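Participant: Quick one, fold the following:
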Amino acid sequence: METVIECPANAATILACRKIAKSFRENIYELYRIREQWNPAYATSLKSRIDDAFRKYYLKDFSAISDEKYHEWHEVMASGLQNLKVLRAALKVDFKEDKQFLNETFKKWGYSEYFEDAKSGDYLSFYKLLSTFSENLDAETRNKITAKGIPHFLIDKVCMAAEKIEDYRCCMESLISESNLKTDAQQEITGIYETIRDICTIARAYYQFDPVKRDKFDFYKVMVKLKPSDN
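Facilitator: Sure, this is the predicted structure:
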């Protein structure tokens, strides 16, 4: 069976999924009230499914992903998302009287479609947001927003993150569409990721006023705190 260990994005996926599944099982007696199928047996089965996938595809060769390479992946995620958030907030302030421009720009740059999921930890949406931003950034729009006071360096930082994320393009594309899946391993990891992502969406809403528990179901926050040696 072909392994998927060579991709830091996949390493991030399986490690974060294991951590979130553990939190899910620990809180199942509270969360079971939300969904009929969420019960201790389901939580245990999900954790076992992820552990089995980890042992099957990752455990033997997990050292192939160095902490340094994994840290680089984290840096792209953390800095890129932070700058995207700051840029969006600045645009909303500077163009609050020009709703048409604001809406058109958010749509053109991918904010309208991808931002909410990206900030919640869906790194596929983060990848799509960066790619859309980079592809649709034009000189006219850049000049218009910098004339309002938004610094060029903030836009440049987002562009740099978009450039760096291309190093992981093959990893991202393999998770975007099942038609691109080349191995049973990748398909299994994708299925796990989608299950955990759905759990996170509901659990974050449930724990809206409990930030400690809510962060345990924030895929992005869980992922960026992990490293290969945590396995």
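Participant: what secondary structure does residue 37 sit in?
Facilitator: Three-state assignment for residue 37 (DSSP: H, G, I helix; E, B strand; the rest coil): coil.
Participant: quick one: residue 24 from residue 126, how far?
Facilitator: To residue 126, residue 24 is 22 Å away according to CB to CB, to the nearest Å. (Each C-beta comes from the backbone N, C-alpha and C, glycine too.)
Participant: Those two: which has the busier surroundings?
Facilitator: Shown here are residue 24 and residue 126; by other CB atoms under 10 Å, residue 126 has more neighbours (25 against 21).
Participant: ok, the residue lying closest to the more buried one once chain neighbours are set aside - contacts?
Facilitator: Excluding the flanking residues, the one nearest residue 126 by CB to CB, 6 or more residues apart in numbering is residue 118, at 4.1 Å. Residue 118 is in contact with 81, 84, 125-126, 128-129, counting by CB atoms under 8 Å, 6 or more residues apart in numbering.
Participant: Next secondary structure after the helix or strand that contains residue 118?
Facilitator: Using DSSP states H and E, residue 118 sits in helix 111-119. Next along the chain after helix 111-119, taking DSSP H and E as the criterion, comes helix 123-136.
Participant: how about that following helix as PDB, C-alpha atoms only?
Facilitator: The C-alpha trace of helix 123-136 is given here as PDB (Å, rounded to 0.1, in the frame of the first residue of the first chain):
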ATOM      1  CA  TYR A 123      -7.100  24.400   5.400                       C
ATOM      2  CA  LEU A 124      -8.500  23.400   2.000                       C
ATOM      3  CA  SER A 125     -10.600  26.600   2.100                       C
ATOM      4  CA  PHE A 126      -7.500  28.500   3.300                       C
ATOM      5  CA  TYR A 127      -5.600  27.200   0.200                       C
ATOM      6  CA  LYS A 128      -8.500  28.200  -2.100                       C
ATOM      7  CA  LEU A 129      -8.700  31.600  -0.500                       C
ATOM      8  CA  LEU A 130      -5.000  32.300  -1.000                       C
ATOM      9  CA  SER A 131      -5.100  31.000  -4.600                       C
ATOM     10  CA  THR A 132      -8.100  33.100  -5.500                       C
ATOM     11  CA  PHE A 133      -6.700  36.200  -3.900                       C
ATOM     12  CA  SER A 134      -3.400  35.800  -5.800                       C
ATOM     13  CA  GLU A 135      -5.000  35.100  -9.100                       C
ATOM     14  CA  ASN A 136      -7.400  38.100  -8.900                       C
END
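Participant: I'd like the distance from that helix to the chain centre, please.
Facilitator: Here helix 123-136 shows a centroid-to-chain-centroid distance of 12 Å under the convention CA atoms, centre = their mean, to the nearest Å.
Participant: Mind listing residues that contact the helix or strand just after that helix?
Facilitator: Moving toward the C-terminus from helix 123-136, the next helix or strand (DSSP H and E) is helix 139-146. By CB under 8 Å, 6+ apart, the residues outside helix 139-146 that reach it are 91, 94-95, 101, 105, 108, 152, 155.
Participant: buried set for stretch 82-99?
Facilitator: 83-84, 87-88, 90-91, 94-95 (16 or more other CB atoms under 10 Å).
Participant: Sort out which one of those lies nearest residue 201 for me.
Facilitator: The nearest member of these to residue 201, counting by CB to CB, is residue 84 at 19.9 Å.
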